[in-house]
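*Asks:* Provide a 3D model corresponding to the input given below.
(2 chains)
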Number of protein chains: 2
Amino acid sequence: MIARNGGEPMLVDGGLEILDESECRRLLKTGYLGRIGVTIEALPAIFPVNYTVHEDSILFCTAPGTKLSMASDRRIVAFEVEGGVDAMYHHGWSVLVVGTAREVDNPGELKRLERHLPTPWAPGQRRRVVRIGIDLISGRRIDHGW
Amino acid sequence: MIARNGGEPMLVDGGLEILDESECRRLLKTGYLGRIGVTIEALPAIFPVNYTVHEDSILFCTAPGTKLSMASDRRIVAFEVEGGVDAMYHHGWSVLVVGTAREVDNPGELKRLERHLPTPWAPGQRRRVVRIGIDLISGRRIDHGW
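*Replies:* You can find the predicted model right below:
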């Protein structure tokens, strides 16, 4: 069910279409709210995050000291975004990225990324910038039911 | 950031409200599209699924032989659903369930659950019914940015 990099688009049973890499990358850039899958104290967890895509990476912000901030440093994480979801007809698309998350703590890199980050937080609010490299990307489009 | 069973609602910094268990259970029942977090060949993955809630379990269907179907049998999985998401004002809620997934393969149990499953699949289409026990449930409401 996962299309590897460079995979050709294909139709499989159940109205499921595997998307090629360029379509996955295009769709990923159209979203603003995704979900990160991490492991916290040996249990799986999923959290929604606002994100942007820049320089082959996903960028998001989290508050220092949160469980998400601790779980997403130097770990391999999953990141999923979906769109075009229609409740009545059950269609839409979903793109899945797998990559290594790391905190951006270099001042030069932080400054350079500043204007590419998701919607700015309130002034004075502390935040941690996390970057996920897009190591694997895959996607599916569905036309009747997930 | 995770409210354990029986936790009281509380406000934390960043406009994040931890929801209590009864509110999490109520919100979980209002959704129809969630995301399951599983591990496939040692890599994390997240897939959207249509779901229902019945008898303290989450029910969803998947096609036999898919990676999702193989990854969700007798594993501890994460299941997340969100709602009330407003793009402009960045608010909404997210509920996270952690529990053991298992295939429902007992004919009596299948028959009993039939009318509680998500939107029926096309006639003749093979499907596998998966049930996730709600072992841990937690949730957050956010009013400016995830």
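*Asks:* Report the mean per-residue pLDDT for stretch A:44-56.
*Replies:* Confidence over stretch A:44-56 (mean pLDDT, whole number) is 93.
*Asks:* ignore the last one, stretch A:59-72
*Replies:* Here the average pLDDT along stretch A:59-72 is 83.
*Asks:* okay, how far is it across it, tip to tip?
*Replies:* 12 Å (Cα to Cα, to the nearest Å).
*Asks:* Sort out which residues of it are buried, please.
*Replies:* Within stretch A:59-72, the residues that qualify as buried by neighbour count (16 or more other Cβ atoms under 10 Å in any protein chain shown) are A:59, A:60, A:61, A:62, A:63, A:66, A:68, A:69, A:70, A:71, A:72. In this view, the C-beta of every residue, glycine as well, is placed from N, C-alpha and C.
*Asks:* again, but for stretch A:17-33
*Replies:* For stretch A:17-33, burial by neighbour count (16+ other Cβ under 10 Å) applies to A:17-21, A:23-25, A:27-28, A:31-33.
*Asks:* Would you check that residue A:119 makes contact with residue A:49?
*Replies:* No: between residue A:119 and residue A:49 there is no contact under Cβ atoms under 8 Å: 11.6 Å.
*Asks:* Which one's more surrounded, those two?
*Replies:* residue A:49 (22 against 14; other Cβ atoms under 10 Å in any protein chain shown).
*Asks:* so what's that one up against?
*Replies:* A:33, A:34, A:35, A:36, A:60, A:61, A:62, A:68, B:146 (Cβ atoms under 8 Å, 6 or more residues apart in numbering or on different chains).
*Asks:* Now that we have those residues, can you turn them into JSON lines and tack on secondary structure?
*Replies:* JSON lines is the format used below for those (DSSP: H, G, I helix; E, B strand; the rest coil):
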{"residue": "A:33", "secondary structure": "strand"}
{"residue": "A:34", "secondary structure": "strand"}
{"residue": "A:35", "secondary structure": "strand"}
{"residue": "A:36", "secondary structure": "strand"}
{"residue": "A:60", "secondary structure": "strand"}
{"residue": "A:61", "secondary structure": "strand"}
{"residue": "A:62", "secondary structure": "strand"}
{"residue": "A:68", "secondary structure": "helix"}
{"residue": "B:146", "secondary structure": "coil"}
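*Asks:* Which of the buried residues of stretch A:17-33 lies at the shortest distance from residue B:102?
*Replies:* Nearest to residue B:102 out of the buried residues of stretch A:17-33 is residue A:18 (Cβ to Cβ; 27.4 Å).
*Asks:* For that closest one, give the beta-bridge partners.
*Replies:* With DSSP bridges as the criterion, residue A:18 is bridged to residue A:10, residue A:140.
*Asks:* Quick check: it touching residue A:139?
*Replies:* Yes: using Cβ under 8 Å, residue A:18 is in contact with residue A:139, at 7.5 Å.
*Asks:* follow-up on the earlier one: show the overlap between the buried residues of stretch A:59-72 and what lies near chain B.
*Replies:* A:61, A:63, A:66, A:68 (Cβ under 8 Å from any Cβ of the partner chain).
*Asks:* follow-up on the earlier one: any idea which of the contacts of residue A:49 is closest to residue B:132?
*Replies:* Residue B:132 lies nearest to residue A:35 out of the contacts of residue A:49, by Cβ to Cβ, at 16.6 Å.
*Asks:* Surely that closest one and residue A:44 touch.
*Replies:* No: in this structure, residue A:35 is not within contact of residue A:44 by Cβ under 8 Å, at 11.9 Å.
*Asks:* okay, and the common contacts of these two?
*Replies:* Between them, residue A:35 and residue A:44 share no contacting residue under Cβ under 8 Å, 6+ apart.
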